[in-house]
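Visitor: Sequence and predicted structure are below.
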Amino acid sequence: MKRTRLLALLAVLAIVVAACGGGTGDETTTTAGTGGDDVTTTSSDDTTETTAPPIGDGAGEGGHLLLLQWQAPSQANPYLSTGTKDIQAGSMVLEPLAEYNTEGEIVPALATEIPTVENGGISEDLTTITWTFEDGVLWSDGSPLTADDFVFTWEYCSNEETGCISPAFTEVTNVEAVDDTTVTITFDSATPWPYVPFVGATEPVLQRAQFADCVGAAATGCTDQNFRPVGTGPFTVTELRPEDTVLYEMNPNYRKISEGKPFFGTAEIKGGGDAEATARSVLEIGEADYAWNLQVAPEILDPMVAAGNGTILVGFNTSVEHLNLNQTDPDADPISEYQGDPLAPTGGTNPFFYQNQVLHDALSMAINRQEMVDVAYGAAGEPTCNMWPVPGPALSTTNDWCLTQDIEAANALLEDNGYVDTDGDGVRETPDGLPLEFEVVTSTNAVRQSEQDLIAVYWEQIGVATSMRNEDASLFFDGTAASDASIWKFFTDIELYTNSAVGSDAQGYFQSNLASEVPNEANSWGGGNVVRLADERFESTFQELSQASLEDPNRNELIKQLNDLHTEYSVIPLVNRGSVSAFANSLDGYVDVNGWDSELWNIEDWVRN
């Protein structure tokens, strides 16, 4: 089944063709957007100077590659951040055994082939997977990659104090170096989908020699390692300035140099500003090669495309703009002690949202999702009621009622369940007398602020008052959680942003929402269960899914159930966002927008045409 649906850019592409006479309009992935000051054009005054090799046909002879990512990276170690901005920065350096292509298919990266039961790579009882990777692969420092580095990465990430965001090793009992180029991963039970550890940009291999002193509580203090990891990928980091810029140069020991890869000798991720300004730099001004995550209103983006310097490509996968309803009390003391016990969240349950389907449903049915799409996304958005919106047999229709706004029904639901306005101030109170007044926090971005404005109007009509706040995206999505504004700390009632999966199988995505994955102070705010869902039904259903074979028809039903439990009271899906990025017409080799992995997954193939 083809998991990815790519847009042909619809009206936007028509503008490109009309303006460019066709140009290089190849039609072709995951977090949210910001806004801020309109000052991200990277002129010679604000772009870091580099000494780039002359343009040529050999590896490293293609000059400088300028990538604009207005959510600037905080670090380059994806194990300590689920922020796409950090994962992309690391993906140019660190590599997994396998990765996902633009169709959501698993393809070899370091591995020589994808293990299966048929080729003997997966045991008959589905408890082990054995990978063989290429012989002679060198780290960028010239030392050999060995199976022991994979063993170390497991040791690093399975230590809870390290604060690994990834749940990839949760069910892993052992990682064994069979020989220098063979590694066997053993799971605690039959695992029909074993392609999570060391698969995708979020699960690369780390060098033992560099990270040996960074295991456990020492991990977050390893600034040099997290900023400049030694890798096997096409580039190495020469400098990382958090929330600003990452500078790279070609890895002199990259195994594909003999093939002329990478083409570019130096590269740069330039952060800051907003999505609109980065789009303009590529599409209108023509001074950058790539601009990521263009959460820009269509009426602003379309004229930029007409300038003829670049094209925008859109890919749909699992990027869902949604509202998180905090299941724990952000005012509880101490919220940081919450450990994710499904029966007893020790940080205190949220007095409004904890397992409260009534209030969740009323808030959801008051929202006009189609209007949000029309105002904020155009052809790059689709209304959705699901956190797993992938078309096919695993797509739930249980919550399709949310696609139709119904203010009258929302008011009736609240009224019938004791949410009334007792003092006539226009704001309802809970049956316990608490006014329905909420702060909704998101990142600074014009599109996001327009969404906040719409939500405020919708909810006002059902007696819910809102205070809308926005935070700088670099802080809001800072995977180090150094700021209390970080989504992982979630010290408010409601958050608004986009979440997406790496990989086309739902098991890995929903695993991130287990109670064991709740971010808290004890695990250095690692873990993907930001909303702090703690529901025994979700836990048991996930265990069933993890044991269901890929051929079991019940697997799709279990995915639907997990989606429905996830969205029953803790999350309100809004828009399935197409991943929108801009590419200069002079750039080639990127194929399509990759909605299943890092958009820079094949950066070694990018060239100047």
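Guide: That came through fine.

Visitor: so where is this protein shaky, pLDDT-wise?
Guide: 1-57, 333-347, 502 (pLDDT under 70).

Visitor: got the domain boundaries for it?
Guide: Domain assignment for the chain by automatic domain parsing gives 5-317+579-608, 320-577.

Visitor: For those domains, give me a markdown table that also has mean neighbour count.
Guide: All C-beta atoms are positioned from the backbone trio N, CA, C, and that covers glycine. As requested, these are exported to a markdown table (neighbours: other C-beta atoms under 10 Å):
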| stretch | mean neighbour count |
| --- | --- |
| domain 5-317+579-608 | 21 |
| domain 320-577 | 19 |
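
Visitor: Which parts of the stretch 101-250 of the chain are helices?
Guide: 147-158, 208-211, 223-227 (DSSP state H, counting those that start in this stretch).

Visitor: Dump these into a markdown table; add distance to W525 as well.
Guide: Formatted as a markdown table, the helices of the stretch 101-250 of the chain follow (distance: least, C-beta to C-beta, whole Å):
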| stretch | distance to W525 |
| --- | --- |
| helix 147-158 | 15 |
| helix 208-211 | 19 |
| helix 223-227 | 15 |
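
Visitor: so where does S474 fall, helix or strand?
Guide: helix 473-476 (DSSP states H and E).

Visitor: scratch that, L496
Guide: strand 494-499.

Visitor: Now do the helix holding S474: which elements does it pack against?
Guide: strand 437-443 (3 or more C-beta pairs under 8 Å, 6 or more residues apart in numbering; DSSP states H and E).

Visitor: Check which element follows the strand it packs on along the chain.
Guide: helix 446-460.

Visitor: Double-check V172 against S158; I have them as touching.
Guide: Yes: with contact defined as C-beta atoms under 8 Å, V172 reaches S158; the gap is 7.1 Å.

Visitor: what does the strand holding L496 rub up against?
Guide: Strand 494-499 has contacts (C-beta atoms under 8 Å, 6 or more residues apart in numbering) with 30-32, 319-326, 387, 438-443, 448, 451-452, 455, 476-477, 487, 530, 577.

Visitor: Tell me what angle that strand forms with strand 437-443.
Guide: Counting by axes from the mean of the first three to the mean of the last three C-alpha atoms, to 10 degrees, strand 494-499 lies at 30 degrees to strand 437-443.

Visitor: Just checking: what are the partner strands of strand 494-499?
Guide: Note on strand 494-499: by DSSP bridges, its sheet partners are strand 320-325 (antiparallel), strand 437-443 (parallel).

Visitor: which residues of the stretch 301-450 of the chain fall in helices?
Guide: 357-365, 369-376, 407-416, 446-460.

Visitor: Tabulate the ones you listed in TSV, adding columns for distance to V607.
Guide: Converted to TSV, these look like this (distance: least, C-beta to C-beta, whole Å):
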stretch	distance to V607
helix 357-365	46
helix 369-376	34
helix 407-416	53
helix 446-460	32
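
Visitor: rewinding a little: could you dump the strands paired with strand 494-499 to CSV with distance to L283?
Guide: CSV is the format used below for the strands paired with strand 494-499 (distance: least, C-beta to C-beta, whole Å):
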stretch, distance to L283
strand 320-325, 23
strand 437-443, 22
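
Visitor: Quick check: which of those is nearest to A380?
Guide: strand 320-325 (11.1 Å; C-beta to C-beta).

Visitor: Pull the residues that contact the closest one.
Guide: 32, 350, 352-353, 360, 363, 381, 384, 386-387, 389, 440, 451, 455, 487, 490, 493-500, 530-531, 569-577.

Visitor: Could you tell me the end-to-end distance of stretch 90-99?
Guide: 14 Å (C-alpha to C-alpha, to the nearest Å).

Visitor: Relative to the whole chain's centre, how far out is that stretch?
Guide: 15 Å (C-alpha atoms, centre = their mean, to the nearest Å).

Visitor: same thing with stretch 383-403?
Guide: On C-alpha atoms, centre = their mean, the centre of stretch 383-403 falls 19 Å from that of its chain.

Visitor: what's it in contact with?
Guide: Contacts for stretch 383-403 (C-beta under 8 Å, 6+ apart): 1, 3, 5, 317-318, 320, 322, 364-365, 367, 369-370, 372-373, 382, 499, 501, 504, 506, 509-510, 555-556, 559-560, 562-564, 566-567, 571, 573-576.

Visitor: Can you give me the first-to-last residue distance of that stretch?
Guide: Start-to-end, stretch 383-403 (C-alpha to C-alpha) is 7 Å.

Visitor: Then stretch 564-581?
Guide: 30 Å.

Visitor: distance between that stretch and the chain's centre?
Guide: Worked out by C-alpha atoms, centre = their mean, stretch 564-581 lies 13 Å from the chain centre.

Visitor: swap in stretch 410-423?
Guide: 37 Å.

Visitor: can I get the CA coordinates of that stretch in PDB?
Guide: What follows is stretch 410-423, C-alpha atoms only, in PDB (Å, rounded to 0.1, in the frame of the first residue of the first chain):
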ATOM      1  CA  ALA A 410     -21.700  21.600  21.900                       C
ATOM      2  CA  ASN A 411     -23.700  23.900  24.000                       C
ATOM      3  CA  ALA A 412     -26.300  21.200  24.700                       C
ATOM      4  CA  LEU A 413     -23.600  18.700  25.700                       C
ATOM      5  CA  LEU A 414     -22.100  21.100  28.200                       C
ATOM      6  CA  GLU A 415     -25.500  22.200  29.600                       C
ATOM      7  CA  ASP A 416     -26.700  18.600  30.000                       C
ATOM      8  CA  ASN A 417     -23.600  17.700  32.000                       C
ATOM      9  CA  GLY A 418     -23.700  20.600  34.500                       C
ATOM     10  CA  TYR A 419     -21.400  23.100  32.700                       C
ATOM     11  CA  VAL A 420     -23.500  26.300  33.200                       C
ATOM     12  CA  ASP A 421     -22.900  30.000  33.500                       C
ATOM     13  CA  THR A 422     -24.100  30.700  37.000                       C
ATOM     14  CA  ASP A 423     -23.000  34.300  37.200                       C
END
